[in-house]
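**Q** Need a 3D model of the sequence below.
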Amino acid sequence: MTDATTRFGGFAEEYDRVRPRPPAELVPLISQWAGTSTPDVVDLGAGTGLSTALWPSAIGVEPDPGMRAVAAARGLRVIDGTAEATTLPDNCADVVTAGQALHWFDPERTFPEIARILRPGGVFAAFDCDWPPAVDAECFATYLEVEANYRVLEVRHHVRPAYAEKTDHVARLRDSGLFRHVAEIALHARDTGDADRFVDILRSQGGVVALLERGITEDEIGLTRLRQVARRRIPEPRTWWWTYRVRLAVV
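**A** This is a model prediction of the structure:
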């Protein structure tokens, strides 16, 4: 069984190249909820810094050294740590974020850690995009079919770490008793990509990488079929539409 903290190790640059950048609208939204236009921000599970970079001077927290190296190369401050043990002082942040990451954290240890480092009235914002982006109907359906297949293969080949269902994030935040207000909203973002990037989005999923490393072929996973459909349906770069689900919790 693989470990979630190292699931994306070894392909940080590829991950950074194909993954979507979170929408800039997150900044005024989260800042408004936090009641300050210049919040001190901590980004948990920062990875290569895609969400850390939204903020002028955020501190990222990331356990994987390959991911931290990519973030550092873009001039971001990302420290070694986990969501469950950040090593940061009490009451040091107005905002704590988790982009594409909360489902990998242990909620029983993470939520108290978030509450510890947030100042009174501070906001925890966890956001994830829906996979895949809306580009083309046939590509969308094929992606979901291949995704379902690779998840079966993950279990069969013991490469799926424990994780929390994203649909349960709001309930877990409320049930923790650590947050006064919890809400979920949706934001939409525009992006651009071609057929190869559409396939690489799925190829950048940790489970797919782990399966390929185990010797499972692209044919068996379904990547070959997805590539054929994408190249037929997206012959040139097209506009992509992402939906982001944002959970906001106030201490």
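**Q** residue ranges of the strands in the stretch 51-200 of the chain, please?
**A** In the stretch 51-200 of the chain, the strands defined using DSSP state E, counting those that start in this stretch lie at 59-61, 77-79, 93-99, 118-129, 181-193.
**Q** pLDDT of the fourth one, averaged?
**A** Over the span of strand 118-129, the pLDDT mean works out to 98.
**Q** Which strands border that strand, and is each parallel or antiparallel?
**A** strand 93-99 (parallel), strand 238-250 (antiparallel) (DSSP bridges).
**Q** Which among these is found nearest to residue 178?
**A** Proximity to residue 178 (CB to CB) singles out strand 238-250 among those, at 8.0 Å. Backbone N, C-alpha and C define where each C-beta goes, glycine included.
**Q** Just the mean pLDDT for that closest one, thanks.
**A** pLDDT averaged over strand 238-250 gives 98.
**Q** Would you mind saying which of the strands of the stretch 51-200 of the chain lies nearest residue 227?
**A** strand 181-193 (13.6 Å).
**Q** Summarise which helices and strands that closest one is packed against.
**A** helix 26-34, helix 169-175, strand 238-250 (3 or more CB pairs under 8 Å, 6 or more residues apart in numbering; DSSP states H and E).
**Q** If I look at residue 9, what pLDDT would I see?
**A** For residue 9, pLDDT reads 61.
**Q** Show me which of the strands paired with strand 118-129 has the highest average neighbour count.
**A** strand 93-99 (a mean of 26; mean count of other CB atoms under 10 Å).
**Q** what's the angle from that one to helix 26-34?
**A** 140 degrees (axes from the mean of the first three to the mean of the last three CA atoms, to 10 degrees).
**Q** residues in contact with strand 93-99?
**A** Here strand 93-99 makes contact (CB atoms under 8 Å, 6 or more residues apart in numbering) with 22, 30-31, 34, 36, 39-45, 47, 50-51, 55, 58, 83, 105, 114, 117-119, 121-128.
**Q** Separate out the buried members of these.
**A** Buried members of the contacts of strand 93-99, counted by 16 or more other CB atoms under 10 Å: 22, 30-31, 34, 39-45, 47, 50-51, 55, 58, 83, 105, 114, 117-119, 122-128.
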